[in-house]
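K.L.:
Model the structure of this input:
(chains A and B)
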Amino acid sequence: MSSVTKSFYDETHTVFGHHKNKFLQWIFSIDHKRIGIMYAIVMFSFFAIAVIIALLMRLELFSPGQQIMSPERYNQAFTLHGVIMIFIFIIPGIPATLGNFMLPLQIGARDVSFPRLNLFSFWIYVLGVIIAVISLFPGNGVADTGWTFYAPYSTKTGTNVVMALTAAYLLGLASILTGLNFIATVHRLRAPGMGFFKMPLFVWGLYATSWIQLLATPIVGITLILVILERVFGIGIFDPAKGGDPVLLENLFWMYSHPAVYLMILPAFGIASEIIPTFCRKPVFGYRSIAISSAMIAGIGYLVWGHHLFTSGQSDTVALIFSFLTFLVGIPTGIKFFDWIATMYKASIEFKAPMVWALGTFITFIIGGVTGLILGAVGIDIFLHDTYFVVAHFHYAILGGVVSFMFAGIHYWFPKITGRMYDDKKAKIGAYLFFIGFNVLWFPMFIAGNLGMPRRYFDYLPEFTIYHRIATVGSWIFAASLIYIFYVLYKGARYGEKAGPNPWNATTLEWQIPSPPQAENFGELPYIDFDPYEYKDGEPVHHMDLSIKEEKQHG
Amino acid sequence: MANAAVEPEIVYDKEGNAHEVVDFNNDYEGAKLGFWIFLLTEIMIFSSLFLVYGFYFDQNSSDFVQASEHMNRLLGGINTFVLLVSTLTMGLSVISLKNNDVKKSTKYIWITIVLAAIFLIIKYNEWMIEIGEGFYPSSPYLDSLGNGVKLFFGLYFTLTGLHGVHIIVGIGVMLWILSKIKKGEISSSNFVVLENTALYWDFVHIVWIIVFPIFYLIY
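P.N.:
Numbers count the residues shown, from 1 in each chain, chains lettered A, B, ... in the order given. Predicted coordinates for the structure are as follows:
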């Protein structure tokens, strides 16, 4: 194909007519690729802010007693960190960025089913972000309830809880609309011949995630509204003085928020399932079991929320049932890991940066997952509940699982998105630095938590000093690694070599079109009568050129 | 945008069989599917509230029954009737449009809007009567009654309020549809938006069919 072909950076479809202004061309664009990039820009800006807040919190904890912020500020800091990281960064997370960009490309579609709705959900997301930012300033400042908004404190505290709740509600709505769009897209717009078991596994991850978004997010939406009504009108539903039950809030909240962690991790698993076969040059082992286990995790994940409430006074029978169901989640997750390991077995693995990221994440995520099983056991959880062990566990699972898989995905699809290649060696150094800093930062917290260090505390006893100091030093290494990673990527995007359509010799459809893709992705579509990962003797079986040729313009 | 004259794109498999590529700009089934999924999220919202209702009803059955006696069954009953008739007119407008009778369709939508407005006016007056009698959240009178009564009215205002918001949104959407029909963007060949709105309106009345007995008829 010629270099004359224009990419989606040059031309786009917009709403409200045609725009000359570059900025308007972006914010009115209904191209799924541009929307994905816009999400990424907002998300990573706030990711940086939340990382800085976390660094300040770690600095505060460097020694016992007060260093740089008051206890009240500390409460607000961890709330803000949680709200940004959960609602603004990781819940839109992989689906809104890489998912938006890659889903239509991977199934051979020219856009998502409802491109305007896609843009609308981005605007709602931005509106939610703006309200969250505004909630920092008036009155007593940002909410200090923790990101969980537990009643009765959340209905009584003088901080701007209503605004934070409204923001969270809007962000949830954006997430629902994205999920709706993806399900319709997967059902309607797959290329001819592509059955459900011929879809790439990242699509399977996104599809399972979308169902969680649809079935679980409305519950937290209405719960947040009930907390607002409780605060403003005193309807009594969560107020014990009026016969209400605060634990009901915890149940409703976790009915969403536990499935939400699977909502975060399933597309991340999908990324791993793309990277492993590509860099092993082998068909993925157990395609169907990986695909179905995504759906299984989504299903079982819906039934385990009670394990957050082991110490809330729920009955022993209920606690044991939830504990048992929690263990069941380990089965489909284990299936995935065995499939990936079996794919790597006897393969000639290419240790490119995305593969290093994926393999490093396997280790950290397994630690995160297995400590989850420890916490899922009722007896042990009573002991470890609300300690640093829990904090370390979910950061291993979310940061060392979802976010680092996301970095793996970013490194994997970077040449497709930007059209240029980063420095592989430097990217690998960034990855190693990331995992070193990560483990130094979080591993001491397992020990501190086991010794009884409670979470969300501003101060601690002197015997915990050593763990906090190691963690704080780790946080510096970690932050440095993030700066380095983004620096390497920026250099790549700016000055890297041209990547060409398929730099990794990958097999899925997004690699059969130019990098960066053109405005409507595909010229002619193939009939899909082959599996997504077909390699023979280390080479992809099918080579296609599906670019839009100059003469044949679609739409 | 929705250009019906575009020829479908065809892809051939190895045996030479033709397969149509779905055009994302003009996908009737996709639009229907998307809307059903949206209704599913609405169902999740309202069923969470019914779950909360069920939980507190189980704990405070006698208080709930006692509180239900204060409901105004006459106004509630009229409203139920009004909403059911509006569903009928909404359905008739879809049928008229499919039969290419734009004028009749527009007329039925207007009737639906008027009925929806009547519903809201009656509901507003009902709320005002209840608030006048002191049955509103955090009122001194209500706070002197049993816990179940407080929860009953807390849930009542939450559920009917949320339902009312859905009615208001519905009216807005219908006005938007009227303008689109006028411009010819919704017609007998492109009616999926109206059809989806009718689905939405059905959903709103089904919610009311559940709300009505659990608050008005349990005494």
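
K.L.:
lowest-confidence helix or strand of chain A?
P.N.:
Ranking every helix and strand in chain A by mean pLDDT, DSSP states H and E puts helix A:153-156 at the bottom, with a mean of 83.

K.L.:
Does that one reach chain B?
P.N.:
No - counting by Cβ under 8 Å from any Cβ of the partner chain, no contacts exist between helix A:153-156 and chain B, the nearest distance being 12.0 Å. The way it works is simple: take the backbone N, C-alpha and C, and place the C-beta from them, glycine included.

K.L.:
After that helix, which helix or strand is next? Please name it.
P.N.:
helix A:161-188 (DSSP states H and E).

K.L.:
Which other helices and strands does that following helix contact?
P.N.:
helix A:71-83, helix A:100-107, helix A:115-134, helix A:201-233, helix B:28-59 (3 or more Cβ pairs under 8 Å, 6 or more residues apart in numbering or on different chains; DSSP states H and E).

K.L.:
how about 7 Å then?
P.N.:
If contacts are counted by 3 or more Cβ pairs under 7 Å, 6 or more residues apart in numbering or on different chains; DSSP states H and E, helix A:161-188 sits against helix A:100-107, helix A:115-134, helix A:201-233, helix B:28-59.

K.L.:
of those helices, which approaches A:Ile548 most closely?
P.N.:
Nearest of these to A:Ile548, taken as Cβ to Cβ: helix A:100-107 at 13.0 Å.

K.L.:
average model confidence for the closest one?
P.N.:
The pLDDT scores in helix A:100-107 average 95.

K.L.:
tell me the angle of it relative to helix A:115-134?
P.N.:
If you take axes from the mean of the first three to the mean of the last three Cα atoms, to 10 degrees, helix A:100-107 sits at 150 degrees to helix A:115-134.

K.L.:
Just the CA atoms of helix A:100-107, as PDB, please.
P.N.:
The C-alpha trace of helix A:100-107 is given here as PDB (Å, rounded to 0.1, in the frame of the first residue of the first chain):
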ATOM      1  CA  ASN A 100     -12.600   1.100  22.100                       C
ATOM      2  CA  PHE A 101      -9.700   1.100  19.800                       C
ATOM      3  CA  MET A 102      -9.300  -2.600  19.200                       C
ATOM      4  CA  LEU A 103     -12.700  -4.200  19.400                       C
ATOM      5  CA  PRO A 104     -14.000  -3.100  16.000                       C
ATOM      6  CA  LEU A 105     -10.600  -3.800  14.500                       C
ATOM      7  CA  GLN A 106     -10.400  -7.300  15.900                       C
ATOM      8  CA  ILE A 107     -13.800  -8.400  14.700                       C
END
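
K.L.:
and that helix, anywhere near chain B?
P.N.:
No - using Cβ under 7 Å from any Cβ of the partner chain, helix A:100-107 stays clear of chain B, coming no nearer than 8.5 Å.

K.L.:
how big is the angle separating that helix from helix A:161-188?
P.N.:
Going by the same axes, to 10 degrees, helix A:100-107 makes 10 degrees with helix A:161-188.

K.L.:
per-residue confidence for the residue of chain B found nearest chain A?
P.N.:
Chain B approaches chain A most closely through B:Asn147 (2.7 Å), counting by Cβ to the nearest Cβ. For B:Asn147, the pLDDT comes out at 88.

K.L.:
which intervals of chain B have sub-threshold pLDDT?
P.N.:
Confidence mapping of chain B against pLDDT under 70 gives the ranges B:1-6.
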